[in-house]
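A.B. asks: coords below, sequence missing:
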């Protein structure tokens, strides 16, 4: 007897709380009614079922129980993770559960930004500059439950927008000017799009990136081609050469970037105005060859020739709006003297070669015209730009004019007076820098020396300009500056651990720099790590590795516990941070974090303790770098996500020691689920159902549309097969379908392919029951992927049909006695079959077991034994047949049970008409009948009992026994037999009864006969058989006269085959027969063959 316990009805939820937020812990009270001490807690294991799913599921997670202590305080815990109203059942196999059904309500939990979904409103991500862009955010909790505006949200984070370039760098940070709820429970975020181009938009909330972010963002240039889109005051002019000195007759080219107010290029050729004013006279200078041309979308080229020397002011503006470009006016000078040529001028010197940081470099510049004559210019015309690659750092060079031809004298306060000669001024030496506006501007020179000191290591580009002319044939000079000598006072130990485990490799990181803080590489051979402690026997230094960034890893190992002082030195000089004090502990002192591996179904949530397999000193350790304290992580994959995921964590013990490990999470695809399945299918006995198409209602779903999955279909009492599929054009779907029917004995159908292909194939499923089967069957459908199996049973009802009855009896029966009455079938002696039956009886209600069938090897005929028929009593009283037996000569004698009196009819030789039974005598509930024919209605068992007691009374020539069986329309029904009727079916069998004497006349296995003549009347026919010509005796053909019934039976037998060369056994052995004949295969018992095989 099961012991009772129940879930308390009134206070079933702990603290009477039946409504929870997702992520809360729900607690159910468990109360034992009686004998709590007798409950075996080792086997007491109640099962929690929520909405039909047992244990952890997509509805609840972390199902736990507490059955310790006071039985009135027993509890079952679980964490609800899905929003909705749920039904929970508690079951236990060994103990009875009362009031096991409960309900609980789940509301969304706190908003979790990384689960919230961001998207563009209307799936639109292309805008024009200055327009409003709208984002939509679907708020969700940590388990993916949607949060509506009716939900009491604890907080809304400060959302932050960032527009990113394609390389991930930030282009801008738009301001949000509107945010609110929509009627569809979305948060709407509106902002202004300003910068054109291809970008992506990052949306963060609470320092977490929202799901779906970054979003694509595009603003085509063509969208800004609108009247008035250009903001003239925002447009800028750019020069290929950043110079304010132009050589006479050179062409000035300016690229105007047409921008709107957001800085976007606006295509088209905007009609700008321009003006050149000579600053000395303040007069406007006419320009004869002014030219405007659009060279790219939003960029036009403005060019003209400098034909007048002097100082000028250029202004490009829009006279209509009275606005000029943002970097206007432009001040420049056109110099008349010096026609330096970029190819013929010479730049050389050691300062153009690779050098060391902090060392002064110099090179010389010789300005020549196209004819290689010196071309003196004012000193400030020469410009030198020295910049490092991928850096904003620039070197400021010092330029010295050289006044004599051998370069030995440098200008010392020289001034050009404009009359073709120079004079010395009483001033100090003049040092010119780029764009000098001092007195050095009046110095005329063609030769210069340039000095500079590069302080940063790297690759430099050096450009030398004579006004607007780039020397060195228009190319830059490129050189590498390497780090200088190591400065020990600036170098240092950047990282080391003051606590290390013994017998473990540890490291000290040393950073080497020069006097300008440039990292110095490839100096590991000059570094040394040594022990400064008195006790150094347990300490050993290992290798020193160059990290290729100026840092070096110096490895060491301490063999004993203790405190050591370590010193790092370069060329014997110790760094300022030395010595370093290091404490060596045993390995047990330090925590060790081990990697974890977790598996979870794609629609579930899992909680796990990452510290369970970690080692740490003391009783506690904490996880750092997380906002909350604890050791239990909960992982919930995004809806629809499957695959692998991972994260890192770091633990800290009570001593502040750290250890890190990773958690690898395998998110597994749930086996294919059934979207729909039929509740009840219909079929017909011995017919493929349906005749056309397939069974409807089967459909599955699977999260991975590309993965191959399989569906296995089988039936308990039949087979499942595929019907011909609908014709398709193009790439046919079933080309990706695999169908496995198994071997010849297999009863299941296996379909493999993608979910789309399988759903297509499931529309062509057909069912065929076993032979003569009807009633209830089950189609078992199981879906499988690499992670598991999902099964479903679909009931199918097979409507019965009427099958004809059968009679099992040989065509020839040898009667073993010549007495007046001979038993036709002796169950103990005869080995052949002699019974009747009906296939519909096998599954008729009341039958306790199914009859089995085997195939007779020679004839492939269904063979059911008499004992099997006679042994089935259930259902017999309701299944009646009409059975008749008659002979053409003689009488049939048998005993019938008294309950057949009212249905028994006899046929006598006088009129050969069926007549009701007139007189009878009953003895022991039976009565005897004797007639040419006997007919009655009875059960199959009664008929077979009568056949076993059937006697023949007749002459020496035997007779033909004709048996007829009518099923009276019974075809087996389930469950209501009253409806299981149809038109009656019948069968008839003819059998030759012969006495043993006739059978001995001819002992053959196979006989060949030729009809010679037909005797008068019904006496018989004369048949001829002969031996083969290969018989050595040369015996002639022999005539044998057989009675007509035997001859007729031979010719009518279905086991006869026409024509052929066959064998027979006669007298001395086996010979060949040839000729026109009827060959009788008498492997079964026949009247003329008493040799049984």
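C.D. replies: The structure has been received and is ready for your questions. Since the structure is predicted, the reported quantities are computational estimates derived from the model, not experimental observations.
A.B. asks: report the central residue of the chain.
C.D. replies: The residue lying closest to the centre of the chain (Cα atoms, centre = their mean) is residue 704, at 3.5 Å.
A.B. asks: how about it, what does it touch?
C.D. replies: Going by Cβ atoms under 8 Å, 6 or more residues apart in numbering, residue 704 touches 642, 669, 755. Every C-beta, even on glycine, is put in place using the N, C-alpha and C of the backbone.
A.B. asks: okay if I get these as a markdown table plus neighbour count and pLDDT?
C.D. replies: Shown next, in a markdown table, are the contacts of residue 704 (neighbours: other Cβ atoms under 10 Å; pLDDT from 0 to 100):
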| residue | neighbour count | pLDDT |
| --- | --- | --- |
| 642 | 20 | 91 |
| 669 | 19 | 92 |
| 755 | 22 | 92 |
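A.B. asks: using TSV, please lay out the residues you listed together with distance to residue 925 and secondary structure.
C.D. replies: Below are the contacts of residue 704 laid out as TSV (distance: Cβ to Cβ, whole Å; DSSP: H, G, I helix; E, B strand; the rest coil):
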residue	distance to residue 925	secondary structure
642	76	coil
669	71	coil
755	68	helix
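A.B. asks: which of these lies closest to residue 329?
C.D. replies: Comparing the contacts of residue 704 against residue 329 with Cβ to Cβ places residue 642 closest, at 65.0 Å.
A.B. asks: hmm, that closest one is touching residue 667, no?
C.D. replies: Yes: using Cβ atoms under 8 Å, residue 642 is in contact with residue 667, at 5.0 Å.
A.B. asks: ok, the contacts of residue 704 vs residue 342, which is closest?
C.D. replies: Once Cβ to Cβ is applied, the member of the contacts of residue 704 that ends up nearest residue 342 is residue 642, at 64.4 Å.
A.B. asks: least confident secondary structure element in the protein?
C.D. replies: strand 854-855 (a mean of 30; mean pLDDT, DSSP states H and E).
A.B. asks: how near is residue 775 to residue 967?
C.D. replies: 18 Å (Cβ to Cβ, to the nearest Å).
A.B. asks: please say which of those two ends up with more neighbours.
C.D. replies: residue 967 (26 against 17; other Cβ atoms under 10 Å).
A.B. asks: pLDDT wise, what is the more buried one at?
C.D. replies: In this prediction, residue 967 carries a pLDDT score of 88.
A.B. asks: that one: what's it in contact with?
C.D. replies: By Cβ under 8 Å, 6+ apart, residue 967 lies in contact with 802, 804-805, 838, 840, 881, 984-986.
A.B. asks: need the buried ones from these selected in PyMOL.
C.D. replies: Selecting only the buried entries of the contacts of residue 967 in PyMOL, with 16 or more other Cβ atoms under 10 Å as the criterion:
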select buried, resi 802+805+838+840+881+984+985
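A.B. asks: among the contacts of residue 967, which are in strands?
C.D. replies: 881, 986 (DSSP state E).
A.B. asks: what is the nearest of the contacts of residue 967 to residue 649?
C.D. replies: Taking the contacts of residue 967 together and measuring to residue 649 by Cβ to Cβ, the closest member is residue 840, at 71.5 Å.
A.B. asks: could you check the pLDDT of the closest one?
C.D. replies: Looking at residue 840, its pLDDT reads 80.
A.B. asks: repeat for residue 163
C.D. replies: Looking at residue 163, the pLDDT reads 92.
A.B. asks: next up, the contacts around it.
C.D. replies: Taking Cβ under 8 Å, 6+ apart, we find residue 163 in contact with 170-174, 195, 199-202, 217.
A.B. asks: run through the helices of this structure in chain order.
C.D. replies: Under the criterion DSSP state H, the chain contains helices at 755-761, 866-870, 940-948, 996-1001, 1044-1052.
A.B. asks: packing partners for the third one?
C.D. replies: So that's helix 940-948. Contacts defined by 3 or more Cβ pairs under 8 Å, 6 or more residues apart in numbering; DSSP states H and E place helix 940-948 against strand 835-837, helix 866-870, strand 880-887, strand 891-897.
A.B. asks: compare those and report which one is nearest to residue 547.
C.D. replies: helix 866-870 (88.9 Å).
A.B. asks: let me see the mean pLDDT of the closest one.
C.D. replies: Mean predicted confidence for helix 866-870 is 41.
A.B. asks: before we move on, the earlier item: of all the helices and strands packed on helix 940-948, which one is nearest residue 691?
C.D. replies: Using Cβ to Cβ, the nearest of the helices and strands packed on helix 940-948 to residue 691 is strand 835-837, at 29.2 Å.
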